[in-house]
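Asks: Build me a structure from this.
(2 chains)
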Amino acid sequence: MSVSLGIPDLNNYYPGLRDNSINILYGKPGSGKTIIGLQFLIDGALKGEEVLYVSLDESAYEIKKDFENMEWNLDIINVIDAVPTSKKKEIAPYREVTQVTDVIRMRDVKVKGTGREIDIFNLRSTIKNIMERRRFTRVVIDSLTSLKLFYTMGVDPEEASLSFVDFFRYIENTTALFIAEDFDDLNNIMRMMDSVMRLDKDENDYTLEIVKSSYILKKTNISLSLKNKGFIVE
Amino acid sequence: MARVKFGIEWLDNMMNGGLPENKVYFLMGDSGTGKTLFSLKFLYEGLRMGEKCLYISTDRPPYDILNPITESFGWNFLSLNVMDAVPSPSLYTTGAGVRDMTAKGEIRDLSSANKKMEKGELTFESLQLKMELEFKERKFNRVVMDSFTTLKRFGADPETRNPVMAKFVRFFVEKGVTALFTDEGNLDNVKPELVLAGGIILLRRTIKRNMDERTLQIIKMRGTIFDPEIKVFKISDNGFELVQRGKK
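Replies: Numbers count the residues shown, from 1 in each chain, chains lettered A, B, ... in the order given. Presented below is the predicted three-dimensional model:
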């Protein structure tokens, strides 16, 4: 079964992601990767699925503000806000196996950032704990690059991120979408992925390139345009 | 989202009315591309609107930078708050230095400032601590950090630099500030900034024979639509003028 990305008419060219798979979307800064990630989640939520956004670049509060002019309902998605506050002086992360933050509805997001120190390991345990209790059919990690740059103190970012991604392979019934910057070294990560997509922006023209997929595709470069409701196929 | 203007019409229009408020922006470009000038125009516009503005200088004492600009452009910076955060010479030596937690910088009104400052060391944490105290006394609408490159070089140990930088950026967001950090170098060596930034404006300058061409490009801007086209501009007595160029 395929899981739609939530971009209207995209199915004519690309059925979407495989059910129960791990996938990556990469592109330049400012190319609209987060928009696609959120669109993917909203699509699921509107179909009655439980969906989860893991916010690592910007606090959930800022994400909410950034997209307040979009004509979509962000409130219905769940979020793990992993962005730490500037408050904590101690940089050394916790390595405990208990969860460090909770899932909340975007609707209830108010404060800026979390007070706890989050790193790649306790984030993984947090997600593991949460997944044991609740089933999320779609998860977006935004972004893997951020995770490697800011959440891997004292460990090898490459190895830690590979094992983080690998962990999602063993979560059943979840389709995971990782977002990454195009300048990130993604060779090892991409090899693990069931599908790879690249979003490109040239002036105001957007192109979604399906770099790797298990579907037979008529077209691998799909022109998109950005509207108030998100991306549509040109 | 409310907008924070540069007061440069063509630039504000490129982001649909100005920078979305309460984010940290990076103004990138090599030496001589006009980063400081743009950042000061940003502060001058804030002062003109009656906002509280702070200029943090890490490369040269603030007056050495501000005075010539006032002379050339007539911008009045008397109500600007400045912080002299130029690292002390001891930082440049190879000997092991003990990092203290007190920031060297003192915020003061430009009019009451003098050049004698206590010497301390410049780190992300000390500067943040110092700002924390300052924010208890007054709020700033706009802050310029000129330059972030220097702070990055001296401000943290390499292995903790990225998370420390992330916290530093978060600090300004939490304080409700719209901040502009000047940053040197090409896009390859500023990867963490590319992720942390609410937006990135890239300045370039090409000098060839008789030609001196300056360009500006918005690379990224969260929370708004933006014009990603490369704009050619020139700097004159009137400030920043857009140069109309026919499309090839």
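Asks: Can you tell me which residues in chain B are near chain A?
Replies: B:1, B:20, B:22-23, B:125, B:128, B:159-160, B:162-164, B:166-168, B:170-171, B:173-174, B:187-188, B:191-192, B:194-197, B:199-200, B:218-223, B:225-226, B:228-229 (C-beta under 8 Å from any C-beta of the partner chain). Using the backbone N, CA and C atoms, a C-beta is placed for each residue, glycine as well.
Asks: out of those residues, which are inside strands?
Replies: B:20, B:199-200, B:218-221 (DSSP state E).
Asks: of all those residues, which comes closest to residue B:36?
Replies: residue B:200 (17.0 Å; C-beta to C-beta).
Asks: so residue A:162, which of the three states?
Replies: The three-state assignment at residue A:162 reads helix, by DSSP: H, G, I helix; E, B strand; the rest coil.
Asks: Next, count neighbours for it.
Replies: 15 (other C-beta atoms under 10 Å in any protein chain shown).
Asks: Residue A:199 versus that one, what's the distance?
Replies: Applying C-beta to C-beta, to the nearest Å, the value for residue A:162 to residue A:199 is 23 Å.
Asks: can you give me the strands for the chain?
Replies: This is for chain A. A:2-3, A:17-18, A:22-27, A:51-55, A:78-81, A:104-105, A:138-142, A:175-181, A:195-202, A:205-212, A:221-227, A:230-233.
Asks: To clarify, I was referring to chain B.
Replies: Using DSSP E, strands in chain B cover B:3-4, B:19-20, B:24-28, B:53-57, B:81-84, B:107-109, B:142-146, B:178-183, B:199-208, B:211-221, B:231-236, B:239-243.
Asks: worst average pLDDT in the ones you listed?
Replies: Least confidently modelled of the strands of chain B is strand B:107-109, at a mean of 53 by mean pLDDT.
Asks: I'd like to know which of the strands of chain B is closest to residue A:216.
Replies: strand B:211-221 (34.7 Å).
Asks: now the residue in chain A that chain B sits nearest to: how far from residue B:202?
Replies: Using C-beta to the nearest C-beta, residue A:30 is the residue of chain A that sits closest to chain B, at 3.0 Å. Using C-beta to C-beta, residue A:30 is found at 11 Å from residue B:202.
Asks: Count the neighbours of residue B:63 for me.
Replies: 17.
Asks: repeat for residue A:204
Replies: Applying other C-beta under 10 Å, we find 12 residues neighbouring residue A:204.
Asks: In this structure it contacts residue B:228, no?
Replies: Yes. With contacts defined as C-beta atoms under 8 Å, residue A:204 counts as touching residue B:228 at a distance of 7.0 Å.
Asks: end to end, how far does stretch B:7-27 reach?
Replies: 16 Å (C-alpha to C-alpha, to the nearest Å).
Asks: what do you get for stretch B:52-70?
Replies: Note: stretch B:52-70 ends 18 Å apart using C-alpha to C-alpha.
Asks: Helix or strand, whichever it is, which one in chain A has the lowest mean pLDDT?
Replies: strand A:104-105 (a mean of 80; mean pLDDT, DSSP states H and E).
Asks: elements contacting that strand?
Replies: strand A:78-81 (3 or more C-beta pairs under 8 Å, 6 or more residues apart in numbering or on different chains; DSSP states H and E).
Asks: strand partners of the strand it packs on, parallel vs antiparallel please.
Replies: strand A:51-55 (parallel), strand A:104-105 (antiparallel) (DSSP bridges).
Asks: Ok, which of those comes nearest residue B:132?
Replies: That would be strand A:51-55 among the strands paired with strand A:78-81, by C-beta to C-beta, at 24.6 Å.
Asks: quick one, the closest one and strand A:138-142 angle?
Replies: Angle of strand A:51-55 versus strand A:138-142, following axes from the mean of the first three to the mean of the last three C-alpha atoms, to 10 degrees, is 10 degrees.
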